[in-house]
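Chemist: Curious how this folds, go ahead:
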Amino acid sequence: MTDKPKDPAADQDSAATDAAARMRQFRERIDRLDAEIVRLLNVRAECALALGRLKEAVGLDTYQPERELAVLAHARAANDGPLDGEAITRLFERIIDENRRLERLAECKDTHP
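Modeler: Residues are numbered from 1 along each chain as shown. I've put the predicted structure just below:
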């Protein structure tokens, strides 16, 4: 029995097919993770709105910079990477900004029905 010489083109096709399948799996996983992130962001926003209504009811300012600093520090402390602390800070600053915007919209809606 003689060994047939390997066909480099067939090996390349097989590697490309394997890579395409793995990329599809990673993309599907990212899509599922993105959907979960969106769900969690909306849950967080609902909590922020409820907290904003509570603060308003007891006469506290909506914006509390010391709490924002604590949230950012907590997020950085919870981070295991590969994102660095600065990236986590930027992401959470944006999340906080959007939640604050949502609170302002809710306040306007409550004030001007």
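Chemist: Only C-alpha atoms from now on, for both contacts and neighbour counts.
Modeler: Fine.
Chemist: Tell me where the chain has helices.
Modeler: In the chain, the segments counted as helices under DSSP state H are 8-57, 65-78, 85-111.
Chemist: how far is the first one from where the chain is centred?
Modeler: Centroid displacement of helix 8-57 relative to its chain, using CA atoms, centre = their mean, to the nearest Å, is 8 Å.
Chemist: okay, the angle between it and helix 85-111?
Modeler: Using axes from the mean of the first three to the mean of the last three CA atoms, to 10 degrees, the direction of helix 8-57 lies 50 degrees away from that of helix 85-111.
Chemist: picking that back up, most tightly packed of the helices of the chain?
Modeler: The highest average neighbour count among those, using mean count of other CA atoms under 10 Å, belongs to helix 85-111 at a mean of 15.
Chemist: so how far is D31 from the residue nearest the centre of the chain?
Modeler: For the chain, I37 is the residue whose C-alpha lies nearest the centre (CA atoms, centre = their mean; 4.7 Å). For I37, the distance to D31 (CA to CA, to the nearest Å) stands at 10 Å.
Chemist: which stretches of the chain have low pLDDT?
Modeler: For the chain, the stretches with pLDDT under 70 are 1-6, 8-10, 110-113.
Chemist: rerun that using 90 as the cut-off
Modeler: The chain contains residues with pLDDT under 90 at 1-16, 52-53, 55-56, 61-63, 103-113.
Chemist: give me every residue that touches the closest residue to E103 other than its chain neighbours.
Modeler: With sequence-adjacent residues excluded and distances taken as CA to CA, 6 or more residues apart in numbering, E103 is closest to L49, at 5.7 Å. Going by CA atoms under 8 Å, 6 or more residues apart in numbering, L49 touches 99, 102-103, 106.
Chemist: any idea how far R76 is from L49?
Modeler: Relative to R76, and taking CA to CA, L49 is found at 23 Å.
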